[in-house]
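Participant: Sharing a sequence plus its predicted fold:
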Amino acid sequence: GEDVEQSLFLSVREGDSSVINCTYTDSSSTYLYWYKQEPGAGLQLLTYIFSNMDMKQDQRLTVLLNKKDKHLSLRIADTQTGDSAIYFCALVGNTGKLIFGQGTTLQVKP
Amino acid sequence: DAGVIQSPRHEVTEMGQEVTLRCKPISGHDYLFWYRQTMMRGLELLIYFNNNVPIDDSGMPEDRFSAKMPNASFSTLKIQPSEPRDSAVYFCASSTGVAVGGVTYEQYFGPGTRLTVT
């Protein structure tokens, strides 16, 4: 079955770049996603990338996809304290359901 | 739209009691998902519905869990009897589709119900 792995914790200083990594086993997913969960809230879609792309940039966010290594990353430039949250990568499993990683807690220190 | 609405936001109950979690999806969304989030297991899909019909319930942990969607605007997740290991945050999400056939759809999550079983 599908497996999605993420490191559990990342700490950066305000103004630095953050890079959150994700690896997966099933490469058939058409789309790969990054969701953000703020404290006490549900998940919110942050960005996604189509599987035939290598990179997608959206303001401070850059998504890189390495299909050969089955590796997805999310780079947040100029990280702010408001970026502190849990970040989940997800891919599409069979029947269209999302398979989520464990989530990476991003701590931004002022 | 108010987004996905879940109730209650917090539930504390004793082991053995029945628990019912409720969800109102976004109007017009044909898909509804129930997830469970715990520290140990992360975010797990329990079941999802399309047009009120259960499509995939392979994530439902055991017979103590049941989910229904009697109409397009309401769904329930019931645990009977509840056990301490059911303590978790339960999320409901809805969308207008699923990512099959080269098209993607965003899932919109509710704020979750934090369940504590003592």
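Facilitator: Looks like it came in fine.

Participant: Share the number of residues neighbouring residue A:84, please.
Facilitator: 17 (other Cβ atoms under 10 Å in any protein chain shown). Where C-beta positions appear, they are placed from N, C-alpha and C, glycine not excepted.

Participant: which non-adjacent residue is nearest it?
Facilitator: Spatial nearest neighbour of residue A:84, chain neighbours left out: residue A:108 (4.8 Å); criterion: Cβ to Cβ, 6 or more residues apart in numbering or on different chains.

Participant: Can you list the helices and strands that whichever strand or helix holds the one you found packs against?
Facilitator: Using DSSP states H and E, residue A:108 sits within strand A:104-109. Here strand A:104-109 touches strand A:9-13, strand A:18-24, strand A:85-92, going by 3 or more Cβ pairs under 8 Å, 6 or more residues apart in numbering or on different chains; DSSP states H and E.

Participant: Identify the neighbouring strands of the shortest one in the sheet and state each direction.
Facilitator: For strand A:9-13, sheet partners with direction are given as strand A:104-109 (parallel), following DSSP bridges.

Participant: which residues sit against the strand it pairs with?
Facilitator: A:6-14, A:18, A:20-21, A:76, A:79-81, A:83-88 (Cβ atoms under 8 Å, 6 or more residues apart in numbering or on different chains).

Participant: let's see it at 7 Å
Facilitator: The contact list for strand A:104-109 (Cβ atoms under 7 Å, 6 or more residues apart in numbering or on different chains) reads A:6-14, A:18, A:20, A:79-81, A:83-87.

Participant: That one: which residues count as buried?
Facilitator: A:104-106, A:108 (16 or more other Cβ atoms under 10 Å in any protein chain shown).

Participant: can you pull the contacts of the most centrally placed residue in chain B?
Facilitator: Residue closest to the average C-alpha location in chain B (Cα atoms, centre = their mean): residue B:34, at 2.4 Å. Shown in contact with residue B:34 (Cβ under 7 Å, 6+ apart): B:46-47, B:67, B:77, B:90, B:92.

Participant: And for residue B:116?
Facilitator: B:12, B:87.

Participant: so how far is residue B:86 from it?
Facilitator: 9 Å (Cβ to Cβ, to the nearest Å).

Participant: So residue A:98 sits against residue A:89, correct?
Facilitator: No - applying Cβ atoms under 7 Å, one finds residue A:98 not in contact with residue A:89, separated by 10.2 Å.

Participant: give the contact list for residue B:68.
Facilitator: Contact partners of residue B:68, counting by Cβ under 7 Å, 6+ apart, are B:75-76.

Participant: what's the helix or strand for it?
Facilitator: strand B:65-71.

Participant: buried ones in that strand?
Facilitator: So, applying 16+ other Cβ under 10 Å, buried residues of strand B:65-71: B:65, B:67, B:69.

Participant: Give the partner strands of that strand in its sheet and their orientations.
Facilitator: Going by DSSP bridges, the partners of strand B:65-71 are strand B:74-79 (antiparallel).

Participant: So what's the gap between the strand it pairs with and the chain middle?
Facilitator: Its chain's C-alpha centre and that of strand B:74-79 lie 7 Å apart, by Cα atoms, centre = their mean, to the nearest Å.

Participant: what does stretch A:69-77 give?
Facilitator: 7 Å.

Participant: hmm, back to that, deepest in the core, which of the helices and strands packed on strand A:104-109 is it.
Facilitator: Of all those, strand A:85-92 carries the top mean neighbour count, a mean of 24, counting by mean count of other Cβ atoms under 10 Å in any protein chain shown.

Participant: Sweet, I'm off.
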